[in-house]
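Colleague: can't give you the sequence, but here's the structure:
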């Protein structure tokens, strides 16, 4: 009878000790460095405030900036993709092909590589020839992709 009373706490203690290594390593990656890093806004060419974020199929991150355009980060360097006119970027979305769509305060479009392979902003709104219709474009707050 005395062995049975001792076995339950011993089994519980051994179970906890067996699970402890997995719970301790769950918060860091394999090299032991933190998964999350912070970036000073001065390291980028944009404003301190970013309003939206998306990632394309290559793993490049895109940030909708307050007034300077779209910031990109590929894991090594930051780049700024300016829009045709300064405006706040309210919405970003990437589809299954990696196309990044951009919605601003009075414009909407997408990012497309130029002849050198650098991403440039291409406005859908600028393709509207009727000035009255063009002036009715308001802030794009959300974008849905497939």
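Modeller: Good, I have the coordinates. Just so we're clear, the structure is a prediction, and the values are computed from it rather than from any experiment.

Colleague: so where's this structure shaky on pLDDT?
Modeller: Across the chain, the ranges flagged by pLDDT under 70 are 1-4, 19-30, 32-35.

Colleague: how about the strands in it?
Modeller: Remark: strands assigned in the chain by DSSP state E are 50-55, 61-65, 70-73, 78-81, 89-94, 100-104, 108-113, 119-123.

Colleague: which stretch among the ones you listed is buried most, on average?
Modeller: Each of the strands of the chain was scored by mean neighbour count; the highest is strand 100-104, a mean of 24, by mean count of other C-beta atoms under 10 Å. C-beta here means a position set from N, CA and C on the backbone, and glycine is covered the same way.

Colleague: now the strands of the chain as TSV including distance to residue 138?
Modeller: Shown next, in TSV, are the strands of the chain (distance: least, C-beta to C-beta, whole Å):
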stretch	distance to residue 138
strand 50-55	16
strand 61-65	16
strand 70-73	20
strand 78-81	22
strand 89-94	10
strand 100-104	10
strand 108-113	10
strand 119-123	15
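
Colleague: the ones you listed: which one's closest to residue 8?
Modeller: Set against residue 8 and scored by C-beta to C-beta, the strands of the chain come closest in strand 50-55, at 49.0 Å.

Colleague: and the contacts of that closest one?
Modeller: 61-66, 71, 88-94, 100 (C-beta atoms under 8 Å, 6 or more residues apart in numbering).

Colleague: which one of these is nearest residue 5?
Modeller: Out of the contacts of strand 50-55, the member with the shortest distance to residue 5 (by C-beta to C-beta) is residue 61, at 57.0 Å.
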